[in-house]
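In: Below is the structure, and that's it, no one-letter string:
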């Protein structure tokens, strides 16, 4: 396990090396120098090429500094978040409270506040919203020390708000700041890919650190560790520059909170590309969260010899996410070569990944149906475990591609508002999925999960022809 962790962490930090950056810089500068040469009829080509290469090298250094600045904060907050998630169930179990009611309250809170919270993020600032997230998380983890159900319920309500901020404020700040600094759009996918890698690595690390803290301080130990990490993240965020949901500097002072809210909904409903991206990702992430509720009881129901080593399985699943993040640039490059258009590669990648996830979730459906008639059906346990690893690999793949598509279609000025609107159907699907796992047969639940992934793949595929058509038209125009 230690070796696996070291390899994962090493890959997370050495990926996207400086050599790759320099190669991209050379390619970009070469393209720019070619364009400049044509416009100037190559009168001073050598000087232009040298200046362009120097400019791109400088941009790469700035981008690497920006990427590190964001990734360090992302690493810390995801480690803190995973440390809570791995031990929240056992903490509530030790308190003897209604666990389902607490979890359901958190999801409902997220669904209720999601439509309004994004407007707050855009209006009052993404950096301020990230600071609010850190403060909320510190308070929530302090409340976890109390065994009183009402106090824990307040914590879960606040948790629904903080979760919405986690998945909107940080990404909105990063995307807008990336563009404000003038970095190329294609470099965004590198950050999203690295986020996927770090997410899986931090999940593995969180399991180990949380267990050590629990051994020393009891069930509350991981939450005390999360407080310390969140304080660190708060200090790091304080060094960020502020940005807002605005098309021009100073617009946030003129627009009201209601204006941001109505514009966010208007853009989402009027632009089919925006609501299709939102619905696609709600279906895929909703299916993913439903799967999270199901994998442990499913493996336990198979009664494998010697029991289920849930800790090892969890680490393997998280490693699959990390591998998916590492494979994403390779997949995108391959799809770009096949399709022949970089503009449509993200849409094609997303469709393929969602369809692969749907196929992987159909395996438990078949295997569980077989075990109902023949409990000794060969290879069923192995096939189900492999299918779980494949779907988590898909999670590692669609995290960066989903981020790339959001940055592509969601306007900067409304990032916070629209990303939180996306979480409204997501929370509805998660609540429905949670209910389904408690009241329906597991094989039927896996059918629903597979169906959600399949629907996401089909909906995403409807955007591919439009991209290819627009590229073809552009080529004819040129």
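Out: Nice, I can see it. Since we're looking at a predicted model, the values are computed, not measured.

In: CA atoms for contacts and neighbours, from now on please.
Out: Fine.

In: so who does residue 233 touch?
Out: 73, 76-77, 134 (CA atoms under 8 Å, 6 or more residues apart in numbering).

In: Okay, it and residue 130: tell me how far apart.
Out: Counting by CA to CA, to the nearest Å, the gap from residue 233 to residue 130 is 9 Å.

In: circling back: quick check, nearest of the contacts of residue 233 to residue 186?
Out: Closest to residue 186 out of those is residue 73 (21.9 Å), distances taken as CA to CA.

In: What count of nearby residues applies to that closest one?
Out: Residue 73: 20 surrounding residues under other CA atoms under 10 Å.

In: my read: it touches residue 236, true?
Out: Yes: between residue 73 and residue 236 there is a contact under CA atoms under 8 Å: 6.6 Å.

In: residue contacts, residue 242?
Out: 125-128, 173.

In: Would you list the phi and psi of residue 440?
Out: Backbone geometry at residue 440, expressed as degrees, to the nearest 10, gives phi -120, psi 160.

In: ok, now residue 242?
Out: Main-chain dihedrals, residue 242, degrees, to the nearest 10: phi -80, psi 140.

In: and it, how far is that from residue 187?
Out: Counting by CA to CA - residue 242 and residue 187 are separated by 21 Å.

In: now swap in residue 424 and tell me
Out: 29 Å.

In: Between the two, which is the more surrounded one?
Out: Taking other CA under 10 Å, residue 424 and residue 187 do not tie; residue 424 has more neighbours (22 against 16).

In: what's the neighbour count on the closest residue to the more buried one other than its chain neighbours?
Out: In this structure, residue 424 finds its nearest non-sequential neighbour in residue 111, 5.0 Å apart by CA to CA, 6 or more residues apart in numbering. Residues lying near residue 111 (other CA under 10 Å) number 24.

In: who touches residue 111 in this structure?
Out: Counting by CA under 8 Å, 6+ apart, residue 111 makes contact with 160, 423-425, 427-428.

In: 7 Å instead, please
Out: Contact analysis of residue 111 by CA atoms under 7 Å, 6 or more residues apart in numbering lists 423-424, 427-428.

In: which of these tops the neighbour count?
Out: residue 423 (27 neighbours).

In: which parts of the helix or strand harbouring it are buried?
Out: Counting by DSSP states H and E, the element that carries residue 423 is helix 415-439. Across helix 415-439, burial judged by 16 or more other CA atoms under 10 Å covers 415-431, 433-434, 436-437.

In: re earlier: which pLDDT value does the model give the residue nearest to residue 424?
Out: Confidence at residue 111, expressed as pLDDT, is 81.

In: Give me the residue ranges of the chain where confidence is low.
Out: Where the chain drops to pLDDT under 70, the residues are 1-51, 54-55, 246-257, 259, 306, 372-378, 465-478.

In: check which helix or strand covers residue 303.
Out: Here residue 303 is covered by no helix or strand, with elements defined by DSSP H and E.

In: Give me the neighbour count for it.
Out: 12.

In: Also residue 402?
Out: Residue 402 has 22 neighbouring residues, counting by other CA under 10 Å.

In: How far away from the center of its chain is the helix or strand containing residue 320?
Out: Assessed by DSSP H and E, residue 320 sits inside helix 310-339. Put simply, helix 310-339 sits 13 Å off its chain's centre (CA atoms, centre = their mean, to the nearest Å).

In: now stretch 439-458
Out: Centre to centre, stretch against its chain (CA atoms, centre = their mean), the figure for stretch 439-458 is 21 Å.

In: same thing with stretch 278-297?
Out: For stretch 278-297, the distance to the chain centre is 13 Å (CA atoms, centre = their mean).

In: in that stretch, what's buried?
Out: Buried residues in stretch 278-297, counting neighbours by 16+ other CA under 10 Å, are found at 278-291, 294-295.

In: which residues make contact with that stretch from outside it?
Out: So stretch 278-297 is contacted by 422-423, 425-426, 429-430, 433-434, 437, 449, 452-453, 456, 459-460 (CA under 7 Å, 6+ apart).

In: pretty sure residue 346 contacts residue 401?
Out: Yes: contact criterion CA atoms under 7 Å: residue 346 and residue 401 qualify, at 6.1 Å.

In: okay, now residue 241: neighbour count?
Out: Counted with other CA under 10 Å, residues neighbouring residue 241 total 12.

In: any idea what it is structurally, helix, strand or coil?
Out: coil (DSSP: H, G, I helix; E, B strand; the rest coil).

In: Could you check how far it is from residue 181?
Out: 11 Å.

In: And for residue 173?
Out: 12 Å.

In: next one: residue 62
Out: Distance of residue 62 to residue 181, given as CA to CA: 9 Å.

In: Look at residue 173 and residue 181 and report which has more neighbours.
Out: residue 173 (27 against 12).

In: isn't that one right up against residue 125?
Out: No: in this structure residue 173 lies outside contact range of residue 125 using CA under 7 Å: 8.5 Å.

In: Identify the contacts common to the two.
Out: Residues touching both residue 173 and residue 125 (CA under 7 Å, 6+ apart): residue 243.
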